[in-house]
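> how does the following fold in three dimensions:
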Amino acid sequence: MTINSTHPLILARRNDSERRRDRVLDALERFRADDQEITVSAVARAAGVDRSFLYRHNDLRSRILAAADEPQPPSSSSTRPSRQSLLADLANLRAHNERLRHQNAKITKRLSEVLGEQVFHDAGLTPTNEIANLRNRVAELEQQLLDCKQDLHDRDDDSPPPAPPTGT
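Take a look at the predicted model:
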């Protein structure tokens with residue numbers, strides 16, 4: 001192909017791009033006028049273009065993102081909450097949810113302990129504090145046994161050696 005034969009294709013491509021750009025800008029203005037939430041996806045959908053078109057044209061995407069970040073002017077006719085207030089509510093609810101999750105975990109642990117003690121009591125088993133007392137008593141008795149073994153060993157060391165056997 002020569003330069004002359006590709007010129008109409010290039011021109012058509014540029015015209016198509018310009019028409020898409022105009023549709024994007026018109027959609028953005030409609031979103032602003034209607035006080036709708038502005039996102040890249042929503043503007044692309046309203047303009048009838050693919051999102052990749054907006055990502056290839058950084059100036060358009062930057063305009064959309066700047067418009068999305070602009071605070072919405074308070075309107076007496078609009079009772080819709082702003083995007084920022086919704087995000088703030090979401091952050092507060094997530095923090096509240098986290099606090100409730102920790103509180104729930106503490107309550108569940110304590111309930112498990114209380115129910116465990118109740119089961120021991122209802123079954124007539126030894127309560128946990130008596131088990132600890134018994135373990136301490138076992139440890140004391142084991143220590144006494146070791147002491148007695150040591151005393152016995154010391155006595156064996158202190159006694160005279162046995163007499164050699166006599167031969168007859």
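> nearest to the spatial middle of this structure, which residue is it?
Nearest to the geometric centre of the chain sits Glu98, at 9.4 Å (C-alpha atoms, centre = their mean).
> separation between that one and Val40?
Glu98 sits 30 Å away from Val40, going by C-beta to C-beta, to the nearest Å. Yep, even glycine has a C-beta here, placed from its N, CA and C like the rest.
> how does the chain divide into domains?
Under the assignment automatic domain parsing, the domains of the chain span 8-69, 82-116, 126-158.
> return the most buried member of those.
Most buried of the domains of the chain by mean neighbour count (mean count of other C-beta atoms under 10 Å) is domain 8-69; its value is a mean of 14.
> what average pLDDT does that one get?
Regarding domain 8-69, the rounded mean pLDDT is 90.
> what is the end-to-end distance of it?
For domain 8-69, the first-to-last residue distance is 40 Å (C-alpha to C-alpha, to the nearest Å).
> the strands in the chain, which residues?
For the chain, applying DSSP state E gives no strands.
> how about the helices in it?
3-34, 40-47, 51-56, 58-69, 83-122, 128-158 (DSSP state H).
> ok so, going back, could you export the domains of the chain as TSV, including distance to Thr166?
Converted to TSV, the domains of the chain look like this (distance: least, C-beta to C-beta, whole Å):
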stretch	distance to Thr166
domain 8-69	111
domain 82-116	70
domain 126-158	23
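> ok, Glu53 touching Arg20?
No, residue 53 isn't Glu; it's Phe. Yes: distance between Phe53 and Arg20: 6.0 Å, which falls inside the contact criterion (C-beta atoms under 8 Å).
> OK, contacts around Leu28?
Contact analysis of Leu28 by C-beta atoms under 8 Å, 6 or more residues apart in numbering lists Ile38, Val43, Arg63, Ile64, Ala67.
> how much space between it and Asn133?
Distance of Leu28 to Asn133, given as C-beta to C-beta: 78 Å.
> please apply the same query to Arg83.
Distance of Arg83 to Asn133, computed by C-beta to C-beta: 63 Å.
> excluding chain neighbours, what is closest to Phe31?
Nearest residue to Phe31, sequence neighbours excluded (C-beta to C-beta, 6 or more residues apart in numbering): Ile38, at 4.9 Å.
> sweet, I'm off.
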